[in-house]
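Chemist: Sequence below, structure please.
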Amino acid sequence: MAMTFLGYRRENDTVGVRNWVAVISVMDNCNPVTRTIAQTVSGCIPVTTLFVRGQFGADLDFAYESLAGLGRNPNVAAVLLVGLEDSSTEEVARRIRTTGKPVETVHLQPNGTIDCIAAGTRKALRLSLAASRARREPCPVSSLVLGVECGGSDTTSGLSCNPTIGRLADRVIEEGGTIIISETSEFIGAEHLFAERAVDDAVRDAFVRAVRGMESLAITRGVDMRESQPSPDNKRGGLTTVEEKALGAMAKAGSSPLVGVLRYGEAPGKKGLHFMDAPAAAVENLSALAAGGCQLTFFGTGVGNPIGSMVAPTVKVCGNVNTLESMADNIDFDASGILEKGQKISDVGDRLYAYAMDVASGTRLSSEVLDIRETAISRFALSL
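Modeler: From the prediction side, this is the model:
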């Protein structure tokens, strides 16, 4: 019998695991107003941004599309956009309206901060009241899009928390769901092994191009990724080579075939395992996964990384007993039994799968309760 969870069905046939009104800044100069409105109205989350003003070309389009992707995320019931003026706000609004969800706007020009906060608070109030009428109902696992990520990796990561997440990934895909793994630089040294899992030559070539293209870009900037990785905190955790780190990172994807390669923040068009070409830095990567439609992200950590996504709740999974003690307030799932008690990865992974259904049904996470959440959209060019 297939497992279900209790989610929120949306107008565009997607399912949310949370029911937020997203108050989204369209420019960095709108962030203070965005935060004030979200703090004032219960049920709202602030989604802030950097730059936009001064961006141009493909870089600006990425910014607009990423902000819109965060607004389109199934966890968002409605959107209030906070902009400086009409034209840039409309660029984001029109990309969200395709979902059918309510989209409202307020602007700082011409009346300034106080009037903008007042108007935005009233609109957010109405959106939040309307969103509160939604009720959870049984939803299939096939409606889930989950991100998998790691950070603060150490010797326990590739042996415990990451393969535990991999077991979860395989089970979700077996049920017809979707998994997105990203962090392009984390594949260096083992990309040829992951490429073998591609369903066809086109997917294989696209994946290899992404990894090798990222490394080539780093070289043009005077950075040798194979010398600079593992990072200092990885080395303190016992990792010694870039290949060792890559093999551990890949474990999060389980054993399913790779069916697609996505651009930064792009939503998958089919079910199964996808790779997203996105930076490894935690906040940037979490933001890209959420913009791509992930309702939850499972984040394996060894020496510890507490940050979560504002839009896609982030489950922190750890198998290091020292970190589980020192950062107990930040870890959601304990996978240490694999190394400390000889428990099977499959058994611990099955427990994580059951926990994932609880979280999808409303169980809250540490980063949500403590509000240790952030958004950062990647840049692809300099500002004018």
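Chemist: The residue nearest to residue 56 when sequence neighbours are not counted and residue 117, how far apart?
Modeler: For residue 56, ignoring the flanking residues on the chain, the nearest one in space by C-beta to C-beta, 6 or more residues apart in numbering is residue 384 at 5.8 Å. To be clear about C-beta, it is placed using only N, CA and C from the backbone, and glycine gets the same treatment. If you measure residue 384 against residue 117 using C-beta to C-beta, to the nearest Å, the figure is 29 Å.
Chemist: So for those two, which sits in the more crowded spot?
Modeler: When neighbours are counted by other C-beta atoms under 10 Å, residue 384 and residue 117 differ, and residue 117 comes out ahead with 19 against 9.
Chemist: list the contacts for that one?
Modeler: Taking C-beta atoms under 8 Å, 6 or more residues apart in numbering, we find residue 117 in contact with 33, 36-37, 40.
Chemist: rerun at 6 Å
Modeler: Each residue near residue 117 by C-beta atoms under 6 Å, 6 or more residues apart in numbering is listed here: 33, 36.
Chemist: ditto for residue 261
Modeler: Contacts of residue 261 (C-beta under 6 Å, 6+ apart): 203, 206-207, 275.
Chemist: want to throw those residues into JSON lines with secondary structure and neighbour count?
Modeler: Shown next, in JSON lines, are those (DSSP: H, G, I helix; E, B strand; the rest coil; neighbours: other C-beta atoms under 10 Å):
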{"residue": "203", "secondary structure": "helix", "neighbour count": "19"}
{"residue": "206", "secondary structure": "helix", "neighbour count": "17"}
{"residue": "207", "secondary structure": "helix", "neighbour count": "22"}
{"residue": "275", "secondary structure": "strand", "neighbour count": "27"}
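Chemist: how about CSV for the residues you listed, with pLDDT and distance to residue 16 added?
Modeler: Below are these laid out as CSV (pLDDT from 0 to 100; distance: C-beta to C-beta, whole Å):
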residue, pLDDT, distance to residue 16
203, 98, 29
206, 98, 30
207, 97, 29
275, 98, 24
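Chemist: Out of these, which comes closest to residue 80?
Modeler: residue 275 (32.9 Å; C-beta to C-beta).
Chemist: so who does the closest one touch?
Modeler: Counting by C-beta under 6 Å, 6+ apart, residue 275 has contacts 181, 207, 261.
Chemist: now the helices for the stretch 251-384 of the chain?
Modeler: 282-291, 321-326, 337-340, 345-360, 366-369 (DSSP state H, counting those that start in this stretch).
Chemist: Tell me how many other residues crowd residue 216.
Modeler: The burial count for residue 216: 11, using other C-beta under 10 Å.
Chemist: Checking it next. Helix, strand or coil?
Modeler: Under DSSP: H, G, I helix; E, B strand; the rest coil, the three-state class of residue 216 is helix.
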